[in-house]
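In: After the sequence you'll find the predicted model.
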Amino acid sequence: MQLKSWSIFTIISLLSLFSACSKTETPPEVVVPKISISATTTANEGNGSSSKAAVTVSLSEVTTVEVSFKWSTTDGTAIGGQDFTIENGALIVLAPGELYKNFAVDITGDNNMELDETFTISISEVLNATLLNSTATVTITDDDTYIPEMAEDGPITPISYPGMTLIWSDEFDGTIINTDNWSYNTGAGGWGNNELETYTNTSENSFVLDGKLNIVATRPYPNIYRSARMVSQAKQEFTYGRIDIRAKMPFGQGIWPALWMLGGNISSVGWPKCGEIDIMEYLGHDQTKTYGTAHYDKGGHQYKGGNYTLPNSQSFHDLYHVFSIIWTDNAITWYVDYKQFYQVTSTSIEFASFRLPQFFIMNVAVGGNWPGYPDATTTFPQTMFVDYVRVFQ
């Protein structure tokens, strides 16, 4: 009986083994990864020489088959053939096991001072992968440097720039202040900074003479101060561009001139949610230095800024200088006489308020928390002279 049972068991085992060997094995399932292109990249334009904008296309996981795609460029504010090399349907293949491919677009450099420009790179006709993100935005940053033209009274900038249009300016060439451009904030109360002046709209404190706007801080009586605060609110408001303001500063302890901007929606959202761009601030006791700052709201008032010091102990009171910003939808860059000294970007600050219109403010404050207060060395009147305000886009 034992021998017979063993024989039956053996036969069954052999049949099972034969059956297993006769089955066709199923090949492993091919992985279909997701494919995406880096969403943003930047490239310096270069001073008359070419550079490259590097882009990465990556897979979510390795696969055992080739993955291929085609890529193309599309114009934005940057123009193909002028600012970068056009591509239309170039094929790229990732071999089995490769997770990413890098490629680059040639950027055409020039010596024109201009706004940052953008174009897009897109991928299409993807094989053996699922398309997750198909478009990258390339920002060409303007890194050109310049030497300003020198007039007898200081550096001066041109009335035009290649690739830009002068959309508005006030050259102050008439005999009166143009009320199509400017109105006034008037009154006292410290203006949120414990300032001493009362702002007026009289010709004592603001007027045009010899092609220059004069904003004058006066002390008509002991401890009584008057000045002007001119605004372009609801008259001239702008979003983005290059802004040039040529001006000469007053001087003295407690003297605080500024050339700046506020969001046109300040009446509805308040400050700092409206955003503030200080193109130029200056403290009269330090005649060699100016400041540029962005104020914004991020759970309360926040600000970031930098400063510029003239070389060789020069004074902003002695000559005119040109205070500029280049403002795009993702960056604000500050300059004095073409020299860049600070930048904020949409990744370094809360940028939403700086994608909306802003108006100009020009004023000379007397005293305040930051500059301190006039003392026995401070003389009056003190005048900020403005030669022009220009907006290019």
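Out: Happy to help now that I have it. Since the model is a prediction, treat every value here as computed from it, not as a measurement.
In: Report the beta-bridge partners for the most centrally placed residue in the chain.
Out: When C-alpha atoms, centre = their mean is applied to the chain, the residue found nearest the centroid is A331 (1.0 Å). Each beta-bridge partner of A331 is listed here, defined by DSSP bridges: T345.
In: show me what contacts it?
Out: 116, 343-346 (C-beta atoms under 8 Å, 6 or more residues apart in numbering). Quick note: C-beta positions are derived from backbone N, CA and C, even for glycine.
In: One more pass at 10 Å, please.
Out: 42, 115-116, 139, 141, 325, 343-348, 351, 354 (C-beta atoms under 10 Å, 6 or more residues apart in numbering).
In: separation between it and K273?
Out: Remark: distance between A331 and K273 (C-beta to C-beta, to the nearest Å) = 20 Å.
In: again, but for G81
Out: For G81, the distance to K273 - C-beta to C-beta - is 42 Å.
In: More neighbours: those two, which one.
Out: K273 (17 against 10; other C-beta atoms under 10 Å).
In: Which of the three states applies to that one?
Out: coil (DSSP: H, G, I helix; E, B strand; the rest coil).
In: Apart from its neighbours in sequence, what residue is nearest A188?
Out: T198 (4.2 Å; C-beta to C-beta, 6 or more residues apart in numbering).
In: make that L310, sorry
Out: T288 is the one closest to L310 (C-beta to C-beta, 6+ apart), at 5.1 Å.
In: from what I can see the one you found touches V336, true?
Out: No: counting by C-beta atoms under 10 Å, V336 is not a contact partner of T288; they are 11.3 Å apart.
In: any shared contact partners between the two?
Out: With C-beta under 10 Å, 6+ apart, T288 and V336 have common neighbours 308-310, 316.
In: Tell me which of the residues you listed fall in strands.
Out: 308-309 (DSSP state E).
In: per-residue confidence at W260?
Out: W260 is assigned a predicted lDDT (pLDDT) of 98.
In: Could you tell me how far the helix or strand harbouring it lies from the centre of the chain?
Out: Assessed by DSSP states H and E, W260 sits inside strand 255-263. How far strand 255-263 lies from its chain's middle: 19 Å, per C-alpha atoms, centre = their mean, to the nearest Å.
In: Stretch 210-222 now?
Out: Worked out by C-alpha atoms, centre = their mean, stretch 210-222 lies 34 Å from the chain centre.
In: I159 in helix, strand or coil?
Out: coil.
In: can you give me the helices in the stretch 1-150 of the chain?
Out: Along the stretch 1-150 of the chain, the segments classed as helices by DSSP state H, counting those that start in this stretch run 2-22.
In: Flag every buried residue along the next helix or strand after the strand holding W260.
Out: Once strand 255-263 ends, the next helix or strand along the chain (criterion: DSSP H and E) is helix 266-269. Under the neighbour-count criterion of 16 or more other C-beta atoms under 10 Å, helix 266-269 has I266 buried.
In: Also stretch 102-111?
Out: Applying 16+ other C-beta under 10 Å to stretch 102-111 flags 105, 107-110 as buried.
In: next one: stretch 293-300
Out: For stretch 293-300, by 16+ other C-beta under 10 Å, it's 293-297.
In: got it, and stretch 51-59?
Out: 51, 53, 55, 57-59.
In: Which of these fall in strands?
Out: 51, 53, 55, 57-59.
In: Would you confirm that I107 contacts D116?
Out: No: using C-beta under 10 Å as the test, I107 is too far from D116 to be in contact (12.0 Å).
In: Mutual contacts of the two, please.
Out: Common neighbours of I107 and D116 (C-beta under 10 Å, 6+ apart) are 45, 78, 140-141.
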